[in-house]
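A.B. asks: One predicted model, sequence on top.
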Amino acid sequence: MADPMKMRATLKGDTAEVRVLMNHPMETGQRKGPDGKVVPMHFIQNVEVKLNGKTVIEGQTSQAVSRNPVFSFRLKGAKAGDKLEISWLDNKGDKNQTETALA
Amino acid sequence: MRIAERSSALFAALALAAGPAAAQSQFEKYQKMVAESSPVELFELVGEDLWKKKQGPKSASLEQCDLGMGSGVLAGAYARLPRYFEDVDQVMDLETRMLHCMMTLQGRSREEATKRLFGNADKPSEMEYLSAYVAGLSRGHELAPGQSHPREQASYELGKKLYFVRTGLWDFSCASCHGEEGKRIRMSELPVLYKPEAARPLMATWPAYRVSNSTFKTMQWRLNNCFAQMRTPEPVFGSEVVNALNMFLTVTAKGEPYRGPGTKR
């Protein structure tokens, strides 16, 4: 997906506080659109966070999460220069990812 | 891990921790949390792409647009609007001026550029994205709308007058809802907007992302919607009336540091 994803990570000591903004409709499959037809399910199913290439968080999300999710977490043992990468995969097979270097 | 559970657990913890005396700060805490998880920045990013995108018969971007501080100068430009523009002999706010640039720099017709001004959750409008981007670049700048030019002063006076003019099917004015302290509509408080202490925190956070329907709302939309709620005819986009009201509100809020596009209910 071409939609932007934004990750902000600030280092406090050896802990990185990270916040990720994701652009996604997160349709539950229960909503009816303006044409009266049910809008099909379309939501992020997997979220993965990697620190220097190694997976540190692997999450399975459901349609319970609402549109344009925000994911914030703290990562211990991080240091300046570390590469943080986040990626998601949705139920249609669409993907997106972004990365940042900790400062 | 479940994002929804995590944030609701956090909110529940906050609600339990504070007692009844801290009710006001609970509301502020909620607003802070909502603002922290706002996708406003995503709108700013898309807005930046649109600003730089070549469009229209002239295949030009908006990068040379003069928002009052010179061609292409964006830092702090939003905070200095509305203002008088000599090249069109008119007082304009951000959206009105951007429309002008779309027509002159990009060669687009008014009809095409205003075809879809207000978007929805699935597809925000171009104006909404652009407003987010440009407004974001005024973060921290004090609100300083134009006040030195006679036309700017006239616009302010017109806005001030219009705030109290009763019109439309229900004979409403802005003051009908926004004229008395301590009033609310459902759970939204109705600030008395001609008072600086009420106008300042609000004008410092528009345009804004509306959480309840996942849309980005601009000032032209906000004023248009007020008229709709008052059951008056729909105002023309960028009209003298709408810009005068915007001028009145912004001048009332002047001096307040702009916080960037906000997050609303």
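C.D. replies: Received, thanks. Residues are numbered from 1 along each chain as shown, chains lettered A, B, ... in the order given.

A.B. asks: Number of residues surrounding A:Gln63?
C.D. replies: Using other Cβ atoms under 10 Å in any protein chain shown as the criterion, A:Gln63 is surrounded by 17 other residues. Yep, even glycine has a C-beta here, placed from its N, CA and C like the rest.

A.B. asks: do A:Gln60 as well
C.D. replies: For A:Gln60, the neighbour count with other Cβ under 10 Å is 10.

A.B. asks: That one against A:Ile44, yeah?
C.D. replies: No. Distance between A:Gln60 and A:Ile44: 9.6 Å, which falls outside the contact criterion (Cβ atoms under 8 Å).

A.B. asks: what about the strands in chain B?
C.D. replies: Assigned by DSSP state E, chain B shows strands spanning B:83-85, B:90-92, B:184-185, B:188-189, B:208-210, B:215-217, B:262-264.

A.B. asks: between those strands, which one is nearest to chain A?
C.D. replies: Each of these has some distance to chain A by Cβ to the nearest Cβ; the shortest is strand B:208-210, at 8.9 Å.

A.B. asks: Show me what from chain A comes close to chain B.
C.D. replies: For chain A, the contact set with chain B under Cβ under 8 Å from any Cβ of the partner chain comprises A:3-6, A:19, A:21, A:23, A:25, A:57, A:59-62, A:64-72.

A.B. asks: contacting residues around the residue in the stretch 101-250 of chain B that chain A sits nearest to?
C.D. replies: Going by Cβ to the nearest Cβ, chain A is nearest to B:Ser214 of the stretch 101-250 of chain B, at 4.8 Å. B:Ser214 is in contact with A:Arg67, A:Asn68, B:Ala121, counting by Cβ atoms under 8 Å, 6 or more residues apart in numbering or on different chains.

A.B. asks: Output the residues you listed as TSV; include the columns neighbour count, distance to A:Asn91 and pLDDT.
C.D. replies: Compiled in TSV, these are given as follows (neighbours: other Cβ atoms under 10 Å in any protein chain shown; distance: Cβ to Cβ, whole Å; pLDDT from 0 to 100):
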residue	neighbour count	distance to A:Asn91	pLDDT
A:Arg67	17	15	88
A:Asn68	22	17	88
B:Ala121	13	19	88
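
A.B. asks: In terms of distance to B:Met92, which of those residues ranks first?
C.D. replies: B:Ala121 (28.6 Å; Cβ to Cβ).

A.B. asks: Around chain A, which positions in the stretch 101-250 of chain B sit nearby?
C.D. replies: The interface of the stretch 101-250 of chain B toward chain A, taken as Cβ under 8 Å from any Cβ, is made up of B:Ala121, B:Asp122, B:Ser214.

A.B. asks: just to revisit the earlier point, in ChimeraX, select just the buried ones from the residues of chain A next to chain B.
C.D. replies: For selection in ChimeraX, the members of the residues of chain A next to chain B meeting the burial criterion (16 or more other Cβ atoms under 10 Å in any protein chain shown) are listed in this command:
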select /A:4,5,6,19,21,23,25,59,61,65,66,67,68,69,70,71,72
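
A.B. asks: residue ranges with poor pLDDT in the chain?
C.D. replies: No chain was given, so I picked chain A. A:1-2 (pLDDT under 70).

A.B. asks: my bad, the chain I had in mind was chain B
C.D. replies: Applying pLDDT under 70 to the predicted model, the residue ranges of chain B that meet it are B:1-25, B:27.

A.B. asks: For residue 77, grab the count of nearby residues.
C.D. replies: I'll assume chain A. Going by other Cβ under 10 Å, the residues that sit close to A:Gly77 add up to 10.

A.B. asks: Wait, chain B was what I had in mind.
C.D. replies: Count around B:Ala77 with other Cβ under 10 Å applied: 23.

A.B. asks: which non-adjacent residue is nearest it?
C.D. replies: Leaving aside its chain neighbours, B:Ala77 sits nearest to B:Leu67 (3.9 Å; criterion: Cβ to Cβ, 6 or more residues apart in numbering or on different chains).
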